[in-house]
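Undergrad: fold the stuff below for me.
(one chain, ligands or ions: 2)
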Amino acid sequence: MRSIVLSRGVVKRALRSYTRPDMATLITNIGELVTPIGSEALRGSAQGALDIRNDVEILIEDVTITRVGRRLDRRDSLEIVDAGGGVVLPGFVDAHTHAVFARSRDEEFLARATGIPYDGGGILASAAHVAECSEDELVSRSRPFLQRMLAHGTTTAEIKSGYGLSVDGEVKMLRAVRRLAETLPMRLVPTFLGAHAVPEDTSRDDYLALLIEEMIPRVKQEALATYCDVFCDRGFFSVDEARAVLVAARAAGMRPKLHADELADTGGAALAAELRATSADHLLCSSDRNLRRLAAAGVVAVLLPGTSFTLDVGYAPARRMVAMEIPVALATDFNPGSCPIYSIPVILSLAVTRLGLSIEEAITAATLNAAAALDLADVVGSIEEGKRADLLILDLERHQQIPYYFAHNPVRKVFSGGECRAGRDR
Ligand code: NIG
Ligand code: FE
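TA: Ligands and ions are numbered 1, 2, ... in the order given. Prediction:
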């Protein structure tokens, strides 16, 4: 469990709720098993090369997939799950969300529909909402959204802070993530995004000093985050500012990620390559030169077509990225401002119709490559012996129907850690 930094007691409690001694489950009558293969991100032509089989069963023991093969032995102690001839996929990994927030910003959404453009200014509105909330309230307001994500097939999700924008506010958000991780049957990966915007009542320099001298040490002290992210973009943080924050965070044990080149090409992708960040996210405006640097550095590109769709702006150049052999991942970016979409199936559909990915490339992007964007590709992201038993049964005949039924949630059963934890037919 490399990517959750939690105290030992917390990990033990979480694992206890996840373990099922002496239980084994056999998933039978699978119409189509569809999965990428491997323990690292796939790129180039390999990104679309899925393993697709229609003659296999899956054996789950405790929390792990122990066999994938034809006509496995039946045993007395086996629980049989009939997949009803449906499609079976790995649990989705949502590698970029802001799923902890205090309230929606529907008024901003409706104003945008009348022509007011998005400039990221709503981040401060969300920060004001979080400031009014206790940690308990944040937990109880965010939990239903995470349950909906789980019901749409997300078994692992990254969650960023970034609506606190003060020492106490950021710590409150990350503690809320930790409490949600302890109580929900999904893996949550916490990211510190104190550098999301400069609060109104603080100067840039003072806020940067606060980030580096107070927030990062505090996040480290309480072991609250695996990653540190910075909104490196026009009007937010410059490349030099982002570098200073990420270098300090790395010294405190957090790995770098970047919101890069969403609004303008300010060099965020180049910085991600320079720092060998785990991922660079958004990437709508990056130059080809900087994209090639990402490819050379092996940084995962996390694309967020739900945000482009919501804001009605351009899309990232996904086809060029695949051609450049950048490993491409997909995520929702679920947040109260620029993307209220929390469904990975909807994102898969947008990836096919707007980004031009094949459905096979898109499935890899939302499973194995997204797991790599969280340094978890050796644990989740594919259906293979030894991987964690996070998998989905869909009510579809073949995986090509996922993007086609755009507005439908195809997820019938969600197995998280070997147990059916959500879905319509639990
Ligand atoms: O990823 N781009 C920066 N942050 C979020 C939006 C946050 C907001 O508008 O509240 C994003 O789109
Ligand atoms: Fe984001």
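Undergrad: which stretches of the stretch 251-400 of the chain form helices?
TA: 268-274, 288-297, 305-311, 318-323, 344-353, 359-366, 368-372 (DSSP state H, counting those that start in this stretch).
Undergrad: contacts for the shortest one?
TA: Right, helix 368-372. The contact list for helix 368-372 (Cβ atoms under 8 Å, 6 or more residues apart in numbering) reads 36, 38, 40-42, 47, 90, 92-95, 156, 300, 302, 327-331, 377, 379-382. Every residue, glycine included, has its C-beta placed from N, CA and C.
Undergrad: highest mean neighbour count out of the helices of the stretch 251-400 of the chain?
TA: Each of those was scored by mean neighbour count; the highest is helix 368-372, a mean of 31, by mean count of other Cβ atoms under 10 Å.
Undergrad: and the protein, which residues reach ligand 1?
TA: 98, 120, 122-123, 126, 231, 259, 262, 307, 333, 335-338 (Cβ under 6 Å from any ligand atom).
Undergrad: filter those residues down to the buried ones, PyMOL style.
TA: The buried residues among the residues of the chain next to ligand 1 can be selected in PyMOL (16 or more other Cβ atoms under 10 Å) with this line:
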select buried, resi 98+120+122+123+126+231+259+262+307+333+335+336+337+338
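Undergrad: residue of this protein nearest ligand 1, please.
TA: Across the chain, no residue is closer to ligand 1 than G337, which sits at 2.5 Å (Cβ to the nearest ligand atom).
Undergrad: next, that residue: phi, psi?
TA: In this entry, G337 is assigned phi and psi values of phi -100, psi -70 (degrees, to the nearest 10).
Undergrad: tell me how far it lies from A125.
TA: 8 Å (Cβ to Cβ, to the nearest Å).
Undergrad: likewise S349?
TA: 29 Å.
Undergrad: before we move on, what about I383?
TA: 41 Å.
Undergrad: ok, those two, which is more surrounded?
TA: Of the pair I383 and A125, I383 is the one with more neighbours under other Cβ atoms under 10 Å, namely 27 against 16.
Undergrad: strand partners of the longest strand along the chain, parallel vs antiparallel please.
TA: With secondary structure taken from DSSP state E, the chain has its longest strand at strand 187-195. Sheet pairing here is set by DSSP bridges, and for strand 187-195 it gives strand 154-160 (parallel), strand 227-232 (parallel).
Undergrad: and those strands as CSV, adding mean pLDDT and distance to R250?
TA: Compiled in CSV, the strands paired with strand 187-195 are given as follows (pLDDT from 0 to 100; distance: least, Cβ to Cβ, whole Å):
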stretch, mean pLDDT, distance to R250
strand 154-160, 98, 17
strand 227-232, 98, 7
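Undergrad: turn these into JSON lines, including distance to E108.
TA: Below are the strands paired with strand 187-195 laid out as JSON lines (distance: least, Cβ to Cβ, whole Å):
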{"stretch": "strand 154-160", "distance to E108": "19"}
{"stretch": "strand 227-232", "distance to E108": "17"}
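Undergrad: quick one, which of those strands is nearest to P403?
TA: strand 154-160 (17.3 Å; Cβ to Cβ).
Undergrad: and the closest one, what's buried?
TA: Buried, per 16+ other Cβ under 10 Å, within strand 154-160: T154, T155, T156, A157, E158, I159, K160.
Undergrad: extract the CA atoms of that strand and return them as PDB.
TA: The C-alpha coordinates for strand 154-160 follow below in PDB (Å, rounded to 0.1, in the frame of the first residue of the first chain):
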ATOM      1  CA  THR A 154     -14.900   3.600  -9.300                       C
ATOM      2  CA  THR A 155     -13.000   1.400  -6.800                       C
ATOM      3  CA  THR A 156     -10.000   3.600  -6.400                       C
ATOM      4  CA  ALA A 157     -10.100   7.400  -6.400                       C
ATOM      5  CA  GLU A 158      -7.600  10.200  -5.800                       C
ATOM      6  CA  ILE A 159      -9.000  13.200  -3.900                       C
ATOM      7  CA  LYS A 160      -7.300  16.600  -3.700                       C
END
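Undergrad: list the buried ones in the very next helix or strand once past that strand?
TA: As assigned by DSSP states H and E, the chain's next helix or strand after strand 154-160 is helix 167-183. For helix 167-183, the neighbour count (16+ other Cβ under 10 Å) marks 167, 169-181 as buried.
Undergrad: which other helices and strands does helix 167-183 contact?
TA: Here helix 167-183 touches helix 8-18, helix 122-131, helix 135-151, strand 187-195, helix 216-221, going by 3 or more Cβ pairs under 8 Å, 6 or more residues apart in numbering; DSSP states H and E.
Undergrad: counting by contacts, list what the last one packs against.
TA: This points to helix 216-221. So helix 216-221, by 3+ Cβ pairs under 8 Å, 6+ apart, packs with helix 167-183, strand 187-195, helix 239-251.
Undergrad: got these as TSV, with mean pLDDT columns?
TA: What follows is these, written out as TSV (pLDDT from 0 to 100):
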stretch	mean pLDDT
helix 167-183	98
strand 187-195	98
helix 239-251	98
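Undergrad: export those to a markdown table and tack on distance to E361?
TA: Listed next are the helices and strands packed on helix 216-221 as a markdown table, based on distance: least, Cβ to Cβ, whole Å:
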| stretch | distance to E361 |
| --- | --- |
| helix 167-183 | 30 |
| strand 187-195 | 23 |
| helix 239-251 | 29 |
